[in-house]
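Engineer: After the sequence you'll find the predicted model.
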Amino acid sequence: MLGKGLLKGLRETARNFVGSYSDPERLTTVQYPEERLALKENTRNFPFLVFDGNDSTKGLRCVACKICEKECPPQCIYIVLERDEKGKPQKHPRVFDIDISVCMSCQICVEVCPFDAIKMDQVYELSRSDRFDGLLMRKPDLAKSNDYYHTIHPTEASEVDGRLAAEKAKAEAAKAKLAPPAAAPAPKSPDPAATAAKAAAPNTPAPSTNAPPQPAPATATAVIPPPAANISPSPERKADL
Amino acid sequence: MPLAIDGRNYRTMISGVDTQIGEVAGTGGAAAYRISPKVTDDGAPQGDLLEVSMGPHHPSTHGVFRMDVVLDGETVVKLKPVFGYLHRNHEKIGENTSYLGNMPYTDRLDYFCSMTNNWAYALTVEKLTGLQPPERAEYIRVIVAELTRLQNHTCLIGFLLQDMGALGTPLMYAFREREHIIDLFEALSGSRMMYNYMRFGGCRVDLPGGWVEEAKQVVANFPYFLDEFERLLNENEILIARTQGVGALKPELAINASVTGPMLRACGVNYDLRKVDKYGIYDRFDFRIPLGEHGDVYDRYMVRILEMRESLKILDQALRDIPEGPIIDVKYKVRNFKPKIGESYGRVEGPKGELGFYVISDGSTNAYRYRVRPPSFINLTILEDMCIGHTIADAVIILGSVDIVLGEVDR
């Protein structure tokens, strides 16, 4: 019969129409500014800089190594290294800008950062009246505390904290071991890219093959051992391998 | 009203007209439409031909795509696809960023199927470097790729029906289902469309807790939606009248034009890279390849519906069997990733067809040459052959059934 298929389809639309009134699960629309859906834990939007403690400049984990600046695919990061009066590089950035009108939220900066200093934020209401300066995030806008990081990505943040604590303990142990023959060890290269491959054997002082990009203070504490080259080496994973 | 249209006859009939249009069309397509005299083979005047520039901002062209159509009355006698409005130098960008840095750009090729794009690119670089994804990563890849296929096909059918004039309903149903899948992807990768999820030799992050159960739930609910969709559409007289016999493509022509994906299978050619190449771990799953036999728009619609059912089978098996373990090859390096000198071509069966990447490495951190083989672009090349002899309204449906995404066509 002509029209049978049409009627069948209409029955389906009618069922859906009535269903949306009778079944609360089908009321999927959210009245946005008043109601909001909870964000997923992994949701990412734009990068921010993590700082430990309360001081947003001193506690910054970023050491201005400029790896993220180099690796950023759309080149939206701009970093200037802080130097003191004598021109000696300080291990933190003087300028750290991210142009979020250019940023494409790919989080490659997060992956390549050896210091767990840059992470992805979840803020999304970022409309501005000024599309140039308004969307250029400067260091004070970007610096956010580790507690904030814990609130937005709890699982990932505790993983990172655990890893950093383990690395710190390891570095302390290595320092204690190396302390008596103070003259013997050569300072490790501060270039994380160069040391990343050698992170497997942290107790052997790795002679740098690459020229370090910044001259390093010749103390063992200055070297923060970078994580292994993998992105998220969870303890279970290491056990599996 | 299924029309048995023989394309060759139509083309012989208008072959005398083609030259006429060629002479007239010298103004570079500046005008939106142009009227030129139509003549028969012996030179006698016979009405007018209308040349219409359809697009690039026409709602039916799925983005910024233009068709220069020459019409005899309502019938298409010549059709020239014009694209490049969305060209953004993807391949050169790929040669100027690191291997990893190009991964987020592949998301933006076909923004409906970022996961399969990621997979194809990762596969290419894996071939180059010899990185081997662990078992769990292979399963995750299959799961996300099949979920991508589901959401791409539902949306495509929704858009196709919208092109046909079924405004809203099928598309909204499709988007309702897509939302569940997108939520899964967001929980997994952090983004709703630009996942940037796969890595060379594995995946970026492991599945979050409870993800497999959620995915099982989505997969279990999906057949209800498919049944609903089929009840809504399969026997609809208007759909049948508009699609059966429209845009028929002969298998010989499809093969000669390197058409791939559901378009090729709708012609009855049994070619699916999941079976042919058995990339990843597709040889472990029990699934079949649906084939059409007429190659018309209805067959393309049905092949996609049936393919979704097969994808659900794969998903059931993959979600059941997924093992625990690492998700990325230990040899993978985030920084200073330098494949050895060589070249490789990797391809996957994307929802739209064969998606391939070709990479030449000169041993540095960037690819020396990087090239994409986009399925939508190559499937689009035979648009004229499918449209000639049909009405302008059918040309819109035929374009819809090709399943193009302009981000991939123009790159």
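Structural biologist: That came in fine, so what should we check first?

Engineer: make it CA atoms for all contacts and neighbour counts henceforth
Structural biologist: OK.

Engineer: and the longest strand along chain A, which residues are buried?
Structural biologist: Longest strand of chain A, by residue count under DSSP state E: strand A:89-99. For strand A:89-99, a neighbour-count test (16 or more other CA atoms under 10 Å in any protein chain shown) marks A:Pro89, A:Gln90, A:Lys91, A:His92, A:Pro93, A:Phe96, A:Asp97, A:Ile98, A:Asp99 as buried.

Engineer: and the helix ranked longest in chain A with chain B, contact?
Structural biologist: As assigned by DSSP state H, the longest helix anywhere in chain A is helix A:154-178. No. Contact of helix A:154-178 with chain B (CA under 8 Å from any CA of the partner chain) is absent, the minimum separation being 9.5 Å.

Engineer: just how off-centre is that helix within its chain?
Structural biologist: 17 Å (CA atoms, centre = their mean, to the nearest Å).

Engineer: what helices or strands is it leaning on?
Structural biologist: helix A:146-152 (3 or more CA pairs under 8 Å, 6 or more residues apart in numbering or on different chains; DSSP states H and E).

Engineer: Could you check the helix it packs on against chain B for contacts?
Structural biologist: No. Against chain B, helix A:146-152 shows no contacts by CA under 8 Å from any CA, the least distance being 12.0 Å.

Engineer: Could you list the residues in contact with that helix?
Structural biologist: A:Glu41, A:Val50, A:Phe51, A:Asp52, A:Gly53, A:Lys119, A:Asp121, A:Gln122, A:Ala157, A:Ser158 (CA atoms under 8 Å, 6 or more residues apart in numbering or on different chains).

Engineer: which one of those residues is nearest B:Phe229?
Structural biologist: A:Glu41 (32.5 Å; CA to CA).

Engineer: three-state assignment of that closest one?
Structural biologist: What DSSP: H, G, I helix; E, B strand; the rest coil gives for A:Glu41 is coil.

Engineer: nearest residue to it other than its sequence neighbours?
Structural biologist: Nearest residue to A:Glu41 in three dimensions, chain neighbours excluded: A:His153, at 5.6 Å (CA to CA, 6 or more residues apart in numbering or on different chains).

Engineer: Burial check on that neighbour, number of neighbours?
Structural biologist: 19 (other CA atoms under 10 Å in any protein chain shown).

Engineer: surely it meets A:Asn42?
Structural biologist: Yes. At 6.7 Å, A:His153 counts as touching A:Asn42 under the criterion of CA atoms under 8 Å.

Engineer: if we can go back for a sec, tell me the buried residues in the longest helix of chain A?
Structural biologist: A:Glu156, A:Ala157, A:Val160, A:Arg163, A:Leu164, A:Glu167, A:Ala171, A:Ala174, A:Lys175, A:Leu178.

Engineer: now the buried residues of strand A:89-99 in CSV, with distance to B:Ala122 and pLDDT?
Structural biologist: Listed next are these as CSV, based on distance: CA to CA, whole Å; pLDDT from 0 to 100:
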residue, distance to B:Ala122, pLDDT
A:Pro89, 39, 83
A:Gln90, 38, 82
A:Lys91, 35, 82
A:His92, 35, 84
A:Pro93, 34, 86
A:Phe96, 32, 88
A:Asp97, 31, 89
A:Ile98, 28, 90
A:Asp99, 28, 90
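
Engineer: Sketch out the helices for the stretch 101-250 of chain B, chain order is fine.
Structural biologist: B:114-129, B:135-163, B:169-189, B:211-233, B:237-243 (DSSP state H, counting those that start in this stretch).

Engineer: would TSV of the ones you listed with mean pLDDT and mean neighbour count be doable?
Structural biologist: Compiled in TSV, the helices of the stretch 101-250 of chain B are given as follows (pLDDT from 0 to 100; neighbours: other CA atoms under 10 Å in any protein chain shown):
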stretch	mean pLDDT	mean neighbour count
helix B:114-129	91	26
helix B:135-163	90	24
helix B:169-189	88	20
helix B:211-233	87	16
helix B:237-243	83	18
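
Engineer: closest to B:Asn379 out of those helices?
Structural biologist: Going by CA to CA, the one of the helices of the stretch 101-250 of chain B nearest B:Asn379 is helix B:135-163, 14.8 Å.

Engineer: right, is the closest one up against chain A?
Structural biologist: No. Applying CA under 8 Å from any CA, one finds helix B:135-163 out of contact with chain A, separated by at least 11.7 Å.

Engineer: Point out the residues in chain B that sit beside chain A.
Structural biologist: B:97-98, B:100-102, B:104, B:169, B:186-191, B:194-196, B:204-205, B:228, B:231-238, B:325-326, B:328, B:330, B:332-336.
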